[in-house]
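S.K.: generate a structure from the sequence data that follows.
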Amino acid sequence: MKIILVFFFTIFVFSSSFAQVFCEGVGNDWRQKVVDCGSVPTSYIPITTGWVIYAPFTDEFDSFDPTKWTKIDTCRSYSTDAIFSDNSDNVSVGKGKLYLKAKQLATPIWCEHDEGGKYYNYSTGFICSKNPIRYGYIEIKCKLPSNIALGPCFWLFGVQGTWTPYISEDYRYDEIDVFELVQPDNPYYDITKTLMQNVYHNLQDPIYTKSTLTQYINFTNSFLNQDIIFAVEWLPEEMHFYVNRHLTKSVKFAEQSTFQIDVKSDFTCTHFLNAIGQYIQLSLGVNSLITQYPDVSQGFIIDYIHSYKLVEGFNYEYWPSSFSISDPNMFKVHKSIRLGGTGKTAVIPTGQNITIWAEDGIILDKGFTVAGNTTFAARNIATTDLFNY
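M.R.: From the prediction side, this is the model:
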């Protein structure tokens, strides 16, 4: 039997000694991280308790919803060999799926962006959410094309202030790359087996972004041309990346300390409490390998996007007489929570993925037990602008 207990208690040591020597992100970018994850996981772990579907940013793509999405019609530097087009050849919905596809143009089109202009021989698809989301659990189920000249990407981006030739002092941006492929000219990684899952949390320093984490997620087999779920769990003081709901990398806030740089560190001195609301983006880039691999018949196929929020609980200690997976109040974020204790029981059942949430503290009292094959976590979180219910 497998029992995993993960506790983040303010009364314990999460924010103190064990994280100190790994704190990164002040005066230095987070160093490039490389994570070896073995084979691409084929099983889907259930989402932990507490997350509730958030309809405004959820779409099963039974049709294209113009109240949720905008089709982008322009050129951008991150698609080096194709313009983005709102044409139905590039963005379409059918059989409950969204299709972003590239197409060779009959006549090249000239387009300019902030890094210059050129003639483009291809068009491709890109959509962006109408509104920004701030915090939550956000995932996509999709299939990536097998042609490495095509670069699918699922990311979030938000910006404040004004971009000028000199960049105004109020300009800042936040970006979360839930996944993107490595660049085709990167000699160190296999583009079919390596993902980038990145964070850019800019603090009024747009030229030398203090909080930039570029992380390479290596697998031993290809993730192309198969159904995969990619997700990010975005909280004010921590962020977690997933593939098929298996954790690939975490970023967690710690207090400032010795600023020692460690390539395996999960900790940053910069929290996300003042994160900008971000727009959900789905894009299919075309890169310079298109001359070697011209087959664009496969596209970026999206089955769904699901977004989840936490639900606010009681502004006092929640102390149930017994633990129940069906208790609607059990997994809300309360001021504090206690499980077990005199005259009460707290038996966590087998085969579950359970998280208990609180703002101030969680007490596991006498009688608290966890059955086998269950993952249990007790998590204290900052709750700034987190709840939408």
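
S.K.: domain ranges for this structure?
M.R.: 23-309, 317-380 (automatic domain parsing).

S.K.: can you give me the end-to-end span of stretch 65-75?
M.R.: The first and last residues of stretch 65-75 sit 23 Å apart, counting by C-alpha to C-alpha, to the nearest Å.

S.K.: quick one, helices of the protein?
M.R.: 17-20 (DSSP state H).

S.K.: got the CA positions of stretch 188-202 in PDB?
M.R.: What follows is the C-alpha trace of stretch 188-202 in PDB, where atoms were taken according to Å, rounded to 0.1, in the frame of the first residue of the first chain:
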ATOM      1  CA  TYR A 188      20.900  19.900 -26.600                       C
ATOM      2  CA  TYR A 189      17.300  18.600 -26.600                       C
ATOM      3  CA  ASP A 190      15.200  16.300 -28.700                       C
ATOM      4  CA  ILE A 191      12.200  18.300 -29.900                       C
ATOM      5  CA  THR A 192      10.000  15.200 -29.900                       C
ATOM      6  CA  LYS A 193      10.700  14.400 -26.200                       C
ATOM      7  CA  THR A 194      11.400  17.700 -24.400                       C
ATOM      8  CA  LEU A 195       8.900  20.300 -23.300                       C
ATOM      9  CA  MET A 196       9.400  23.800 -21.900                       C
ATOM     10  CA  GLN A 197       7.200  24.800 -18.900                       C
ATOM     11  CA  ASN A 198       8.100  28.400 -18.100                       C
ATOM     12  CA  VAL A 199       7.300  31.300 -15.800                       C
ATOM     13  CA  TYR A 200       7.900  35.000 -16.500                       C
ATOM     14  CA  HIS A 201       6.900  37.100 -13.500                       C
ATOM     15  CA  ASN A 202       8.100  40.600 -14.300                       C
END
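
S.K.: work out the gap between it and the centre of the chain.
M.R.: Taking C-alpha atoms, centre = their mean, to the nearest Å, the mean C-alpha location of stretch 188-202 is offset from the chain mean by 13 Å.

S.K.: in it, what's buried?
M.R.: Neighbour counts over stretch 188-202 (16 or more other C-beta atoms under 10 Å) mark 189, 191-202 as buried. For the C-beta atoms, the positions are set from N, CA and C on the backbone; glycine is no exception.

S.K.: what of stretch 100-109?
M.R.: Counting neighbours by 16+ other C-beta under 10 Å, one finds that the buried residues in stretch 100-109 are 100, 101, 102, 103.

S.K.: over to stretch 360-377?
M.R.: For stretch 360-377, by 16+ other C-beta under 10 Å, it's 361, 362, 363, 364, 367, 368, 370, 374, 375, 376, 377.

S.K.: over to stretch 42-62?
M.R.: Applying a neighbour-count criterion of 16+ other C-beta under 10 Å, one finds 47, 48, 49, 50, 51, 52, 54, 57, 59, 61 buried in stretch 42-62.

S.K.: what's the nearest residue to the fourth one if we skip its chain neighbours?
M.R.: The reference is to residue 50. Take residue 50 and drop its neighbours on the chain: the residue closest to it by C-beta to C-beta, 6 or more residues apart in numbering is residue 331, 4.1 Å away.

S.K.: that neighbour contacts residue 47, correct?
M.R.: No: counting by C-beta atoms under 8 Å, no contact exists between residue 331 and residue 47, whose distance comes to 11.2 Å.

S.K.: give me the neighbour count for residue 327.
M.R.: Other residues near residue 327 come to 12 when the count uses other C-beta atoms under 10 Å.

S.K.: let me know the pLDDT of the most far-flung residue of the chain relative to its centre.
M.R.: With distances taken as C-alpha atoms, centre = their mean, the residue sitting farthest from the centre of the chain turns out to be residue 343, at 41.6 Å. Confidence per residue is given as pLDDT, and for residue 343 that number is 93.

S.K.: tell me the contacts of it?
M.R.: The neighbours of residue 343, taking C-beta atoms under 8 Å, 6 or more residues apart in numbering as the test, are residue 321.

S.K.: how near is it to residue 335?
M.R.: Using C-beta to C-beta, to the nearest Å, one obtains 22 Å as the distance from residue 343 to residue 335.

S.K.: now swap in residue 180 and tell me
M.R.: Counting by C-beta to C-beta, the separation of residue 180 from residue 335 is 39 Å.

S.K.: ditto for residue 353
M.R.: In this structure, residue 353 and residue 335 are 24 Å apart, going by C-beta to C-beta.

S.K.: repeat that for residue 185.
M.R.: Noted for residue 185: a distance of 52 Å to residue 335, by C-beta to C-beta.

S.K.: who has more neighbours out of the two?
M.R.: For residue 185 versus residue 335, the count of surrounding residues by other C-beta under 10 Å is larger for residue 335: 16 against 8.

S.K.: who are the contact partners of the more buried one?
M.R.: Contacts for residue 335 (C-beta under 8 Å, 6+ apart) come out as 313, 314, 315, 316, 317, 318, 358, 359, 360.

S.K.: any of those residues buried? List them.
M.R.: With neighbours counted using 16+ other C-beta under 10 Å, those contain these buried positions: 313, 318, 358, 359.

S.K.: gap between the two ends of stretch 45-65?
M.R.: Between the opening and closing residues of stretch 45-65 lies a distance of 29 Å (C-alpha to C-alpha).

S.K.: going forward, count from 8.
M.R.: Happy to do that; since the first residue is 8 now, the last one works out to stretch 52-72.

S.K.: off-centre distance for that stretch?
M.R.: Relative to the mean C-alpha coordinate of its chain, stretch 52-72 is positioned 14 Å out (C-alpha atoms, centre = their mean).

S.K.: what mean pLDDT does it get?
M.R.: Confidence for stretch 52-72, expressed as mean pLDDT, is 96.
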